[in-house]
Every structure is written in structure tokens, then in C-alpha cells.
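**Student:** Next input, structure requested:
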Amino acid sequence: MRLGILCVGRLKAGPERDLYARYAARVAAMRNLGLAGLDLLEIDESRARNPVERMAQEGESLLAAAPAGAKLVVFDERGTAASSADFAALVESERDRGVKSLWFAIGGSEGLSPAVRAKAGAVFSFGRMTLPHQIVRILVAEQIYRATTILSGHPYHRA
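**Tutor:** Here you go, the predicted structure:
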């Protein structure tokens with residue numbers, strides 16, 4: 001199953017991009033799990049002045065950019081605050097059901113549009129705090145890596 005992150009905005013060169021790249025490389029290095037890589041698709045932020053319109057435009061762009069046939073999981077403050085083990089179980093379940101592509105979507109500064117949340121197979125949250133979407137990208141990459149270590153029995157995750 002191919003893994004990917006779909007997000008609004010682009011990370012500039014610097015420590016955030018480096019940290020994301022470190023986790024993406026770790027995911028790609030995991031073998032024999034039936035999981036492949038960690039692709040990244042970045043879409044441009046909307047220039048709309050109205051926050052509702054900006055969120056709607058970004059939502060349309062996210063849905064249009066999602067690979068055909070991909071199962072979508074989103075991160076949104078209204079989602080479920082699951083454990084890392086629960087998150088790994090979702091990845092494992094989708095892989096075992098034969099899903100070919102699993103993509104994780106992150107909205108922009110206004111959040112995710114209702115249309116994107118409605119298309120998602122699952123909605124997760126990192127809690128009720130507001131976090132910059134650039135940092136959420138790193139957290140998602142780390143949790144995907146952690147899920148691969150849980151599934152492989154690697155000691156990275158200490159439950």
C-alpha cells in the first residue's frame with residue numbers, strides 16, 4: 001500500500017523540512033510490511049480573503065490533488081484523539097483490506113472544509129490545541145513512522 005501526505009502550503013528549506021524528510025526517509029526504509037514510501041503533495045494556499053471561501057477553495061484543491069482511488073484519512077481538531085496503537089491498527093487494517101493507496105490530508109490555516117472531512121474514511125486529531133499546519137505535517141510523518149515500527153515489532157514505540 002502506497003502512503004502519502006497531502007497538505008496545504010509548502011514547507012520552506014529549514015529545520016521543519018529537514019525533520020519531515022528524516023521521518024519520510026525512515027518510513028521508506030521500513031521493509032516487508034506491505035507499505036511503500038511516504039509521498040508528499042503540497043497544494044498552494046488560497047488567496048481568498050474570506051476564511052470560509054479560503055477553506056472551501058483549499059478543500060477543492062485537496063480533493064482534486066488526491067490520487068485516484070486513494071483512501072483518505074484527515075487530521076482535524078474535530079477528529080478522534082486516538083492512540084498511536086489505534087492509528088497503527090487503522091494503517092494495518094487498510095493494508096490488509098487491500099487498499100492500494102492511503103493518503104493523509106492536512107488543511108491550511110483555516111482548517112479543513114466539511115467536504116474534505118466528509119470524504120475521509122477516518123478523522124484524527126492531535127488534541128484540541130491549535131497547531132500550525134506545518135508542524136502537524138511533521139507530527140503526521142512521525143506517527144506514520146511510529147505505526148510502521150509498531151507493525152514491525154521495532155522497539156521505537158514503547159507502549
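**Student:** bridging residues for the residue nearest the centre of the chain?
**Tutor:** Compute the mean C-alpha point of the chain, and by Cα atoms, centre = their mean the closest residue is residue 104, 2.9 Å away. With beta bridges defined as DSSP bridges, residue 104 has these partners: residue 5, residue 73.
**Student:** Relative to residue 120, how far out is it?
**Tutor:** Taken as Cβ to Cβ, to the nearest Å, the spacing of residue 104 relative to residue 120 amounts to 10 Å. (Glycine included, C-beta is placed from N, CA and C.)
**Student:** Overlap in contacts, those two.
**Tutor:** 72, 73, 74 (Cβ atoms under 8 Å, 6 or more residues apart in numbering).
**Student:** Residue 37 is in what secondary structure piece?
**Tutor:** Of the helices and strands defined by DSSP states H and E, residue 37 is found in strand 36-43.
**Student:** And the contacts of that strand?
**Tutor:** Taking Cβ under 8 Å, 6+ apart as the criterion, the residues outside strand 36-43 that touch it are 1-11, 20, 23-24, 27-28, 58, 61-62, 65, 103, 141, 144.
**Student:** Among these, which lie within helices?
**Tutor:** Secondary structure defined by DSSP state H assigns 20, 23, 24, 27, 28, 58, 61, 62, 65, 141, 144 of those to helices.
**Student:** Just give me the closest of these to residue 88.
**Tutor:** residue 144 (9.3 Å; Cβ to Cβ).
**Student:** What's the local residue count around that closest one?
**Tutor:** By the measure other Cβ atoms under 10 Å, the count of residues near residue 144 is 24.
**Student:** ok, and the closest non-adjacent residue to residue 125?
**Tutor:** When the adjacent residues along the chain are set aside, residue 125 lies closest to residue 79, with 3.8 Å between them (Cβ to Cβ, 6 or more residues apart in numbering).
**Student:** which element is that neighbour on?
**Tutor:** Using DSSP H and E, residue 79 sits in strand 71-80.
**Student:** Using PDB, write out every CA atom in that strand.
**Tutor:** Once non-C-alpha atoms are left out, strand 71-80 reads as follows in PDB (Å, rounded to 0.1, in the frame of the first residue of the first chain):
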ATOM      1  CA  LYS A  71      -8.400   6.200   0.700                       C
ATOM      2  CA  LEU A  72      -8.300   9.500   2.600                       C
ATOM      3  CA  VAL A  73      -7.600  10.000   6.300                       C
ATOM      4  CA  VAL A  74      -7.600  13.500   7.600                       C
ATOM      5  CA  PHE A  75      -6.300  15.400  10.600                       C
ATOM      6  CA  ASP A  76      -8.700  18.000  12.000                       C
ATOM      7  CA  GLU A  77      -9.200  19.400  15.500                       C
ATOM      8  CA  ARG A  78     -12.700  17.900  15.500                       C
ATOM      9  CA  GLY A  79     -11.400  14.400  14.900                       C
ATOM     10  CA  THR A  80     -10.800  11.500  17.200                       C
END
